[in-house]
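A.B. asks: starting from these lines, generate the structure:
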Amino acid sequence: MVPPRQSLLNSKDASIHELGESETRDILFPHQQEELTQIAIDIGGSLAKVVWFSKVKGNNEFGGRMNFEKFETHNIEQLIDFLKGVIQQIGIPKHKLVIKATGGGSVKYYDRIKEELGVAVDREDEMECLITGLNFLVREVPNEVFTYDERRNDAPLVYEEPPKELFPYLIVNIGSGVSILKVTSFETYERISGTSLGGGTLWGLLSLLTDADNFDEMLELSKRGDNANVDMLVGDIYGGDYPKIGLKATTIASSFGKVFKAPKSERKKFREEDISRSLLFLVSNNIGQIAYLNAQAHGIQRIYFSGFFIRGHPVTMKRSTMLSISGLGNLNLGAVGALDVLPTNCSFPLLRSKELYNPDSIDLSDSRLQYYWIDLLDNNLKDLVKLVLQWQKDTENVTGRAAAFESIFRDHLQRLRKEPHAYGKLSIRSLLNLREQCLREMGFNDIFETVKKDENTVALAQYSKVVAEMDAYPEAERIKHLTDNILAGNMYDWGSHSVQQLLITGELVFQNAKDKVNHPAKFDDLEQLTKKLIGPGYKKAVIFVDNSGADIILGIIPFARYLLSKGTTVILAANTRPSINDVTCYELDGILAEIALTDFVIGGAIKARTLKVIGTGSASPCLDLRYVDAELGVECADADLVVIEGMGRAIHTNFYVKFSVDCLKIAVFKNPQVAEDLGASMYDGIRIFEQV
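C.D. replies: Now for the predicted structure:
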């Protein structure tokens, strides 16, 4: 199924931005090219939300972010003043700009917004925007959907992958009131229920019962409260649990039940914090129960709770229902849905099971491993900053930006020590992506650019000699030496701290790298691989490549050249945007063009379109096959061989993943903890060949 609307927004490789307040955290769009001339607003009865797109200041390359902000609706003048500032900031001429407005306030304040801002205002249907926004976040942005189940004591909050079948579902939108919609397709929905008991109810009653001035203050009060001082619990009636019907002693039997029983003289002694918590439970429990009964009545298994009332607040999530619920992490669905979005990612088509796919090879739920990886990145941070200062010394304000990068990344690591799942499920992949994101935030889009160029120049000078040596071997020996060269090239990894020191001192040359790699039998399927390759060969191979320099030029390209000589079409899948010293698809095009001047096998294959370079849609040192560029997905659908190269792509991620076609995983262990976790030793190479 495809969504009904076309769009301007390129959602390829979108991710949640980890800076900022949790309720207004931005979403990054690293591949956005086209200027987005829309600002979206959702004006509800209590709150108004704003969404707009901006590019990083001074960065003319692809990419940007979707920004979020909120205001109380009764302060509409603050919203309008803020929008004036946004319009001035993004610098788009007013005659080109359109405000996409939804919510009841888009009708009430339409004339005022249009007149004061001097721009076109398009009103969009509130429910359509709500559903479009949810569909976008569920399918396109990782870690935006979570379930919360208080019965999972160790990890009540679990982030969800996009479901195999999105429809049907209920969306419970909790604003001032509550609307419950049944959604059966991208275009088909109906409002089946609702209640006036919503966020506005809580806000209004707490305004009468406490001195809190706004919703945030009220929620903070509830965090510090104990509802047992106000509510009558099952334990107050039975003296403990009532196990026969499954009620715990802490279950609320009567909201505010103890207030009624208290003497008049003591009623004013009830604490605001306890009142706030009790009232929050009252509203949340009722919304959850109404939603559950509607789901039962309509035979629907999945309920999404959305709205600013939820926004990751643990009390509201816990009380919304006694069952597991699905919530949305960044809850400006209406405003998001007012923007037009065209998904450009897809799942890699050759996964054996898309539903069961988990990219991460190592489970970081163990606190020991969490601390190891957080400490490792923290300890290596100063060395990385030194490299930034050395290689980016001619760029503007490099010292200030490098210090800011070090500060914000270390702050994130400190938060993750306290809350490992603060930004979604913690993994090696998410930590490495977070580091790359912080670098880009400070304007360091490609800190290894100079190093990559230098290493490419050195490797290109050796290319013809290496290829001639490979061609001289009998085929079986050639396969061994070709794959040995890939493993040697994979040692040139600036993302590995142990190897980084060898690269800085110049101790790592190609032959030394080859000698350093071990070949344990349990990870080496060279014999099976050789038998298969010597045979009739493959129709089409897709190779997910890794590093620049010797890795791509002396390792992967000679191997691809061998496959081409066997009549195999070869797709080289490279990062779309920079990450450490990984080669990008644009750089790889340039490398192949230079090689083609003297290597007629490569030149002929490029001309015949049997050798192609396609971007993965990623800017990560790891490989998440749930989100690859749609063009790559189409091109690879009929491939019969998958090759995944590099520690980030074949060890940190995808080590255990199975494919529907033959697969070669080839990489070197360059981290002692990962090696230990996966039963290897440092510098063990893997040539894991899995046949179907």
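A.B. asks: which ones are touching residue 466?
C.D. replies: Shown in contact with residue 466 (CB atoms under 8 Å, 6 or more residues apart in numbering): 485, 554, 558. Just so you know, the C-beta spots here come from the backbone N, C-alpha and C atoms, and that holds for glycine as well.
A.B. asks: give me that answer again for 6 Å
C.D. replies: residue 554 (CB atoms under 6 Å, 6 or more residues apart in numbering).
A.B. asks: element containing it?
C.D. replies: Residue 466 belongs to helix 449-472 when assigned by DSSP states H and E.
A.B. asks: what helices and strands are in contact with the helix or strand just after that helix?
C.D. replies: Using DSSP H and E, the helix or strand that follows helix 449-472 in sequence is helix 475-489. Applying 3 or more CB pairs under 6 Å, 6 or more residues apart in numbering; DSSP states H and E, one finds that helix 475-489 contacts helix 510-516, helix 526-534, helix 557-565.
A.B. asks: from those, which stretch is densest packed?
C.D. replies: Across these, the average number of neighbours (mean count of other CB atoms under 10 Å) peaks for helix 557-565, which reaches a mean of 22.
A.B. asks: which regions of this structure lie under the pLDDT threshold?
C.D. replies: Filtered on pLDDT under 70, the chain yields the residue ranges 1-37, 56-63, 143, 148-157, 162, 164, 308-344, 495-508.
A.B. asks: got a markdown table for the helices and strands packed on helix 475-489, with distance to residue 199 too?
C.D. replies: What follows is these, written out as a markdown table (distance: least, CB to CB, whole Å):
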| stretch | distance to residue 199 |
| --- | --- |
| helix 510-516 | 60 |
| helix 526-534 | 60 |
| helix 557-565 | 57 |
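A.B. asks: and residue 456, which of the ones you listed is closest to it?
C.D. replies: Using CB to CB as the measure, helix 557-565 is the one of the helices and strands packed on helix 475-489 that comes nearest residue 456, at 11.4 Å.
A.B. asks: packing partners of the closest one?
C.D. replies: Applying 3+ CB pairs under 6 Å, 6+ apart, we find helix 557-565 packed against helix 475-489, strand 569-574.
A.B. asks: residues making contact with that helix?
C.D. replies: Around helix 557-565, the neighbours that count as contacts under CB under 6 Å, 6+ apart are 467, 470, 482, 486, 541, 570, 601, 605.
A.B. asks: what's the spacing between the nearest residue to the third one once chain neighbours are set aside and residue 480?
C.D. replies: If the residues on either side of it in the chain are set aside, residue 482 comes closest to residue 559, at 4.7 Å by CB to CB, 6 or more residues apart in numbering. Using CB to CB, to the nearest Å, residue 559 is found at 11 Å from residue 480.
A.B. asks: for the helix of greatest length in the chain, packing partners?
C.D. replies: When the chain is parsed with DSSP state H, its longest helix is helix 272-298. Identification of packing neighbours for helix 272-298 by 3+ CB pairs under 6 Å, 6+ apart yields strand 178-183, helix 199-209, helix 215-224, helix 314-319.
A.B. asks: can you list contacts of stretch 38-48?
C.D. replies: 49-52, 70-71, 73, 79, 98-103, 105-106, 175-176, 199-200, 308, 334-335, 338-339.
A.B. asks: now do the phi/psi pair for residue 548.
C.D. replies: phi -80, psi -180 (degrees, to the nearest 10).
A.B. asks: what about it, how many residues close to it?
C.D. replies: 30 (other CB atoms under 10 Å).
A.B. asks: for residue 346, give me its contacts.
C.D. replies: When contacts are counted by CB under 6 Å, 6+ apart, residue 346 is found next to 630, 633.
A.B. asks: which SS class is the residue of the chain positioned farthest from its centre?
C.D. replies: The outermost residue of the chain relative to its centre, with distances by CA atoms, centre = their mean, is residue 265 at 54.6 Å. Secondary structure, DSSP: H, G, I helix; E, B strand; the rest coil: residue 265 is helix.
A.B. asks: noted, bye for now.
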